[in-house]
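Student: I need the structure of the sequence given here:
(2 chains)
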Amino acid sequence: MTNSLVEHAEVIWFIVMLVLVVGYFSWSVIEIERGSSTSYRYGLPCFSGLPKDAQDAVLAFERDPPANHTSEVIDGILVVNMTVTQPDGFHPSIIVAHTNQPVTIMITSNQVVTGFYLRLPYGVVNINSVPNITTYVYFVTPQTPGNYIWHEPEYAGWNFSYWNGTLEVVAA
Amino acid sequence: MMKTPLLILDKISKGLSSIFSKIGKGANPKDTLGVVWLYTLGSVAWLMALGIAAMNMRTYLVNDANSPSVGPVYYTALTLHGWGAMLGFVPNAALAVIAYSLYKSGMSIRHVKLMAALFWISNLALVFAMLGGPDMGWYMYPPLAIEDNAVFRAFLIYTGKMIGVAYTAMAVEAILQTVASIVLVVDAYQTKPKGERINIFAAYGVAFAIIIAMTLPALAGAELWYALYFFFPRVFPVDSLLWVILFWFYGHPVVYYVPFPLFGALYYFVPKYANRELFSEKWARWNIYLLAIGSMLIWVHHLQTWPLPVPIRLWVNLSTLVLASGSGLTVLNLGLTILFSKGYNFRDPIGMTFLIALIGFILGGIQAIFLPENPINPIVHDTYYIVGHFHLIIWTLIVMGFTGVFLDMLKSTLPGFNYSERGSKLMIIGALLWTVPFLLVGYLMSTAGYLGLIRRVIAYAPMFQPYMEGMSLLAEIGIPGLVIVLTTAISEYVAYSASRPTGVTVASAGLPSVSAQEAKDVIDSNANK
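Tutor: Modelled structure (predicted):
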């Protein structure tokens, strides 16, 4: 028995690897279909990653921008229009939201490749933004009030380490 | 009484003279091994340069009072580290290992002078670009890498069209390295023993010389694009996304340039030190196709947080996992070779370095298996987790594997030479002294990255200060380990070389002339006492 296993070790390994690959791949597909990962389905750039109601909110924001051109709550979703510029980073650098509130950030960074990295209690939002392509971030704020710091994850200049912002989550 | 110190001094003198003579010969090689040594010494020089840059960076990283003004110096060191590694060490080391694989399979390099010329021109071109003080990082992402204004300068010293000249030099470097890999393939074809199959080491070497020739032109093209932009900005505007795609078509396979030829070395040497045949040579050879083709198809996984459509993301996931299976097959094949042997000879320094290379590859590879998973990748993308992962592979598979090849090269260069028992012990201690601290550095990096430490930053949350200090301290402990291995090997080589009965009399200034045979007699008589 042992000798037979050893003799066919490569074939066994091939089957094991095939099962692992199919398993991992299927998991990835299921995660996408369910949209259960904040960091993937809802964090996906190119607009397609946004849930339908967030897409509608972004379209409404773009059709009729608010007077401050920065943020507006549309159908319960906080839409933030954010730009990232050298050398001072994120504009705005403070976002105030209620607990358990959906947030959509439209990131525009025309000078340099940048990104957005935010650790929330239930996961990480991490995306890159490419010049001339608007990137969309979607997440739901935590259920407990508090401040959460987001960071610039991409090397975008000598002082990119200092490009941060604060998500202030306040009681609803 | 007076004769022994004089003999020692004479031995040192002759050893040094032998080293200088070999360096002189190495600069202008005459045969296949000469080419191997030229590219090896080149890669070692880049390894030292990139190591110095890394330790310079660590000095800043443990300073708790950094400010944005540190940026230009830090990111220049970062870029010199990255360029030294990926544009200097990697291609030179890969070509050295591939050339050595030809030698070990009874093939030879016919275009020796051409290989030497390609070495010197390509490396000097890179040195020229580096002298401009690049600080845009190895990725050279646009538009950062073509910025030249008050906010950011891609080169601290070169400005305007000089940046275009620097990128031209870099394109020349990539083109010449491509030519060098093609020369090795052509020479392998021309000198292959008729009717014989080349050994597994050379099979991997030649296969990945072809991969270098197919992927490095993408970098040359990307760099040429930058160069043209600086000379004709309106005709050749740079598109960020397209440039990045071009870069990663080269940028992912390049991480295999050294490891995959080293897989060939592992397949060749591990059975020797396990004192049995390779468990399955058939699968080892089939695996070449999987690794070679796969290496060119999975590069998009570097862009999983970028604006990419869902089908491409799914392809990234699937293709990366398939390649990981091929790597797993390598591990299984070598693991079973060792497992079913009557005892692996890890007391030999070459056996030990290849064993470390294999184990390190397993450890570094395991923590990367999850990375192509779309839900997991963003958790660690652009963090120290990734830095820890690839450094674990570098410090073990690449550095220790390359060291193993280096130790064998010394033996091939001087027929009859072998390491003494004491020297072997010292080298094994050195290899472990290098490996253990650097494994810990890798895991510290990965842990900090998982907890949120962004890579490339000079300012970070105070909670990461102990991690940074730990990394720096462990690196300082580990570096002497590699120095011990290399200096022990070289000194034993020099001692043996000097004591060989050549019959040639060497005279040194201020010393009586002593023939090598006389020296050997004295050493032998002392050893017999």
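Student: For the residue in chain A positioned nearest to chain B, list the residues it contacts.
Tutor: For chain A, the residue closest to chain B is A:W158, as judged by Cβ to the nearest Cβ, at 2.7 Å. C-beta: built from backbone N, CA, C; applies to glycine. Residues counted as contacts of A:W158 (Cβ atoms under 8 Å, 6 or more residues apart in numbering or on different chains) are A:P87, B:P68, B:G71, B:P72, B:Y75, B:D135, B:F152.
Student: and the next element down the chain from the longest strand anywhere in chain A?
Tutor: In chain A, assigned by DSSP state E, the strand with the most residues is strand A:77-85. For strand A:77-85, the following helix or strand on the C-terminal side (DSSP states H and E) is strand A:89-91.
Student: could you check whether that following strand is close to chain B?
Tutor: No: judged by Cβ under 8 Å from any Cβ of the partner chain, strand A:89-91 stays clear of chain B, getting no closer than 11.2 Å.
Student: what comes up buried for that strand?
Tutor: Using 16 or more other Cβ atoms under 10 Å in any protein chain shown as the test for burial, strand A:89-91 gives A:G89, A:F90.
Student: Which parts of chain A are helices?
Tutor: A:2-7, A:9-34, A:52-63 (DSSP state H).
Student: And chain A, what are its domain boundaries?
Tutor: As assigned by automatic domain parsing, chain A contains the domains A:2-34, A:52-170.
Student: For chain A, what's its nearest residue on chain B.
Tutor: B:G71 (2.7 Å).
Student: how about the nearest residue to that residue, chain neighbours excluded?
Tutor: Excluding its sequence neighbours, the residue lying closest to B:G71 (Cβ to Cβ, 6 or more residues apart in numbering or on different chains) is A:W158, at 2.7 Å.
Student: Test my guess that A:T104 contacts A:L50.
Tutor: Yes: counting by Cβ atoms under 8 Å, A:L50 is a contact partner of A:T104 at 6.5 Å.
Student: Need the overlap of contacts for these two.
Tutor: With Cβ under 8 Å, 6+ apart, A:T104 and A:L50 have common neighbours A:V58, A:Y136, A:Y138.
Student: Distance-wise, check A:W158 relative to B:T40.
Tutor: 36 Å (Cβ to Cβ, to the nearest Å).
Student: typo on my end, B:W120
Tutor: 15 Å.
Student: do B:G416 as well
Tutor: Counting by Cβ to Cβ - B:G416 and B:T40 are separated by 21 Å.
Student: and B:A431, how many neighbours?
Tutor: 26 (other Cβ atoms under 10 Å in any protein chain shown).
Student: Now do the same for it: helix, strand or coil?
Tutor: At B:A431 the chain is in helix, as set by DSSP: H, G, I helix; E, B strand; the rest coil.
Student: just checking, it touches B:M352?
Tutor: Yes: here B:A431 lies in contact with B:M352, judged by Cβ under 8 Å, at a distance of 5.5 Å.
Student: Show the contacting residues for A:Y24.
Tutor: B:N317, B:L321, B:P372, B:E373.
Student: Please repeat the previous calculation with a cut-off of 10 Å.
Tutor: B:N317, B:L318, B:T320, B:L321, B:A324, B:I369, B:F370, B:P372, B:E373 (Cβ atoms under 10 Å, 6 or more residues apart in numbering or on different chains).
Student: And B:A227, by the same measure?
Tutor: B:K161, B:I163, B:G164, B:V165, B:A166, B:Y167, B:T168, B:A169, B:M170, B:A171, B:V172, B:F236.
Student: Got the confidence number for it?
Tutor: B:A227 carries a pLDDT value of 97.
Student: my guess is it is in a helix, correct?
Tutor: Yes: B:A227 forms part of a helix when assessed by three-state DSSP.
Student: what's the spacing between B:K14 and B:R500?
Tutor: Distance from B:K14 to B:R500, by Cβ to Cβ: 10 Å.
Student: Could you look up the SS state of the spatially most central residue of chain B?
Tutor: By Cα atoms, centre = their mean, the mean C-alpha position of chain B lies nearest to B:V90, the distance being 4.4 Å. At B:V90 the chain is in helix, as set by three-state DSSP.
Student: For the closest residue to it other than its chain neighbours, give me its contacts.
Tutor: Closest residue to B:V90 apart from its sequence neighbours, by Cβ to Cβ, 6+ apart: B:Y257 at 5.2 Å. Applying Cβ under 10 Å, 6+ apart, we find B:Y257 in contact with B:86, B:90-95, B:97-98, B:177, B:181, B:208-209, B:211-212, B:215-216, B:295, B:398.
Student: one more time with 6 Å
Tutor: When contacts are counted by Cβ atoms under 6 Å, 6 or more residues apart in numbering or on different chains, B:Y257 is found next to B:V90, B:A94, B:I212.
Student: Assign the nearest residue in space to the last one that is not next to it in sequence to one of the three secondary structure states.
Tutor: Read that as B:I212. Once flanking residues are discounted, B:I212 sits nearest to B:S181: 4.0 Å by Cβ to Cβ, 6+ apart. Three-state call for B:S181 (three-state DSSP): helix.
Student: quick revisit: JSON lines for the shared contacts of A:T104 and A:L50, including pLDDT, distance to B:I52 and neighbour count?
Tutor: As requested, the shared contacts of A:T104 and A:L50 are exported to JSON lines (pLDDT from 0 to 100; distance: Cβ to Cβ, whole Å; neighbours: other Cβ atoms under 10 Å in any protein chain shown):
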{"residue": "A:V58", "pLDDT": "92", "distance to B:I52": "49", "neighbour count": "22"}
{"residue": "A:Y136", "pLDDT": "87", "distance to B:I52": "43", "neighbour count": "24"}
{"residue": "A:Y138", "pLDDT": "88", "distance to B:I52": "44", "neighbour count": "23"}
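Student: Could you check how far B:V270 is from B:I359?
Tutor: Taking Cβ to Cβ, one finds B:V270 at 11 Å from B:I359.
Student: With neighbour numbers in mind, choose between those two.
Tutor: B:V270 (25 against 17).
Student: hang on, that one packs against B:L336?
Tutor: No: using Cβ atoms under 6 Å, B:V270 is not in contact with B:L336, being 10.6 Å away.
Student: For B:V316, give me its contacts.
Tutor: B:V300, B:H301.
Student: ah, wrong one, I meant B:A188
Tutor: Neighbours of B:A188 in contact, by Cβ under 6 Å, 6+ apart: B:L102, B:M107, B:V206.
Student: what's the closest of those residues to A:T2?
Tutor: B:V206 (36.7 Å; Cβ to Cβ).
Student: quick one on the thing from earlier: tell me the confidence at the residue nearest to B:I212?
Tutor: pLDDT at B:S181 comes out at 98.
Student: can you tell me the distance between the two ends of stretch A:55-72?
Tutor: End-to-end distance for stretch A:55-72, by Cα to Cα, to the nearest Å: 14 Å.
Student: same deal with stretch B:106-120?
Tutor: Termini of stretch B:106-120 sit 26 Å apart (Cα to Cα).
Student: next one: stretch A:144-159
Tutor: 32 Å.
Student: if you average pLDDT over that stretch, what comes out?
Tutor: 96.
Student: for stretch A:73-86, same thing?
Tutor: On average, stretch A:73-86 scores 96.
Student: Could you list the buried residues of it?
Tutor: A:I74, A:I77, A:L78, A:V79, A:V80, A:N81, A:M82, A:T83, A:V84, A:T85, A:Q86.
Student: Figure out how far that stretch is from the centre of its chain.
Tutor: How far stretch A:73-86 lies from its chain's middle: 13 Å, per Cα atoms, centre = their mean, to the nearest Å.
Student: quick revisit: compare B:K14 and B:R500 and say which is more crowded by neighbours.
Tutor: Remark: of B:K14 and B:R500, B:K14 carries more neighbours, 24 against 17, as counted by other Cβ under 10 Å.
Student: Report the mean confidence score over the helix ranked longest in chain B.
Tutor: Using DSSP H to assign secondary structure, the helix with the most residues in chain B is helix B:465-499. For helix B:465-499, mean pLDDT rounds to 95.
Student: Counting by contacts, list what that helix packs against.
Tutor: helix B:3-27, helix B:399-413, helix B:421-450, helix B:516-528 (3 or more Cβ pairs under 6 Å, 6 or more residues apart in numbering or on different chains; DSSP states H and E).
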